[in-house]
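**Q** here's a sequence, model it:
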Amino acid sequence: MTTEPGTLSSARYGKDLIRVLRVVREGSTHHVVEYNVRALVEGDIATSYTEADNSVVVATDSIKNITYYVAKISPHILSPTRFALHLATFLLSKYPHLNKAFVDVDRLRWSRISVGGQGESSSHPHSFIRDGDDKQTVSVVVDATKGKDKVIAQVKGGMRDLLVLKSTGSAFRSFVRDEFTTLVEVPDRILSTAVDLEYVFGEVQIPAEFKDADKTLKSFTLTSAGLCDVWDADKAADLARKVTLELFATDESESVQATLYKMAQTLLAEDKYINSVTYKLPNKHYVPVDMRYIGVENMKPSEAEVFVPLAAPSGLITATVTRK
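**A** Take a look at the predicted model:
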């Protein structure tokens with residue numbers, strides 16, 4: 001018998017790109033959420049890899065169907081964080097041989113359409129508009145490796161694809177200059193980026209008594225003192241978006257690095273339950289068009305008005321700020 005040269009050191013699987021739209025009806029007023037979901041699991045599944053033993057495999061199609069089922073029955077569906085925790089814990093409560101679940105949720109933006117009447121406007125009860133391409137992101141890991149009565153969860157939040165631009169209030173000067181430097185120092189420039197943000201909460205405990213009569217999780221709450229930050233993590237999402245936009249707009253930026261640091265510190269200061277903040281900010285470049293060949297000045301920062309957007313290459317500035 002040939003000895004295998006390697007050993008299976010980790011394994012997980014599941015379903016990716018599960019698209020869900022849920023309508024919650026409260027009389028004539030409706031609420032909608034649209035999610036892109038990834039749900040992966042770990043546990044006693046090694047033999048499916050090493051021995052082609054499918055008896056330990058919950059089909060990825062079943063994981064997709066469970067996602068739709070939880071979206072239907074969960075009282076937490078309007079909160080991406082609560083829904084992610086519910087789905088992950090449901091998977092572990094349903095299958096005894098699974099001990100970890102990883103659920104990522106991207107929430108797409110839908111806002112109510114404003115309708116006018118008699119000089120006033122109001123929010124329509126069941127009509128919506130996609131008012132931005134940015135997405136709220138949630139990533140949870142629910143861990144039952146120490147027992148189904150000792151379940152813990154790690155929760156991360158954030159956002160992606162928040163495209164912002166300001167036409168002044170940003171400089172870049174006094175950087176290293178050597179034989180490879182061609183970039184001109186500027187006291188004023190366009191600053192644009194697509195914000196990628198992640199923030200991390202502390203661990204939370206999932207109640208041990210989470211099973212219903214059919215041995216699956218219908219609902220649960222986190223009631224331990226001090227954990228409302230995770231249970232109400234969508235408030236942190238609203239705060240993070242507000243802080244990011246306000247600091248981007250108002251900071252007299254000396255660099256993307258300096259502005260990023262101020263954003264992260266402000267978010268830590270305003271939400272005491274967040275342990276760390278990571279921003280990834282690609283610097284989307286807009287280069288002034290040189291028209292001096294026809295006697296038109298468009299290169300001086302004070303007179304530059306026509307720019308060429310450059311898709312690539314782009315700078316990428318990233319940092320993590322961790323609470324002391």
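
**Q** strands of the stretch 101-250 of the chain, start to end?
**A** Ranges of strands within the stretch 101-250 of the chain are 111-117, 120-129, 135-143, 152-166, 191-201, 204-205, based on DSSP state E, counting those that start in this stretch.

**Q** let's have those in JSON lines, adding mean pLDDT and distance to residue 257.
**A** For glycine as for every other residue, the C-beta is placed from the backbone atoms N, C-alpha and C. What follows is these, written out as JSON lines (pLDDT from 0 to 100; distance: least, CB to CB, whole Å):
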{"stretch": "strand 111-117", "mean pLDDT": "88", "distance to residue 257": "33"}
{"stretch": "strand 120-129", "mean pLDDT": "91", "distance to residue 257": "35"}
{"stretch": "strand 135-143", "mean pLDDT": "97", "distance to residue 257": "23"}
{"stretch": "strand 152-166", "mean pLDDT": "96", "distance to residue 257": "16"}
{"stretch": "strand 191-201", "mean pLDDT": "96", "distance to residue 257": "12"}
{"stretch": "strand 204-205", "mean pLDDT": "86", "distance to residue 257": "33"}
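
**Q** to residue 284, which of the ones you listed lies closest?
**A** Taking CB to CB as the criterion, residue 284 comes closest to strand 191-201 out of those, the separation being 4.1 Å.

**Q** that older thread, dump the strands of the stretch 101-250 of the chain to a markdown table, plus distance to residue 72.
**A** Putting those into a markdown table (distance: least, CB to CB, whole Å) gives the following:
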| stretch | distance to residue 72 |
| --- | --- |
| strand 111-117 | 23 |
| strand 120-129 | 19 |
| strand 135-143 | 19 |
| strand 152-166 | 22 |
| strand 191-201 | 27 |
| strand 204-205 | 25 |
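
**Q** JSON lines for those strands, including mean neighbour count?
**A** Formatted as JSON lines, the entries for the strands of the stretch 101-250 of the chain read as follows, by neighbours: other CB atoms under 10 Å:
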{"stretch": "strand 111-117", "mean neighbour count": "12"}
{"stretch": "strand 120-129", "mean neighbour count": "12"}
{"stretch": "strand 135-143", "mean neighbour count": "22"}
{"stretch": "strand 152-166", "mean neighbour count": "18"}
{"stretch": "strand 191-201", "mean neighbour count": "22"}
{"stretch": "strand 204-205", "mean neighbour count": "16"}
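
**Q** ok, which of the ones you listed comes nearest residue 311?
**A** Relative to residue 311, the nearest member of these by CB to CB is strand 191-201, separated by 11.7 Å.

**Q** what strands flank that closest one, and is each parallel or antiparallel?
**A** Strand 191-201 sits in its sheet next to strand 152-166 (antiparallel), strand 274-288 (antiparallel), going by DSSP bridges.

**Q** for residue 77, which of those strands is the nearest?
**A** Among those, the nearest to residue 77 by CB to CB is strand 152-166 (17.1 Å).
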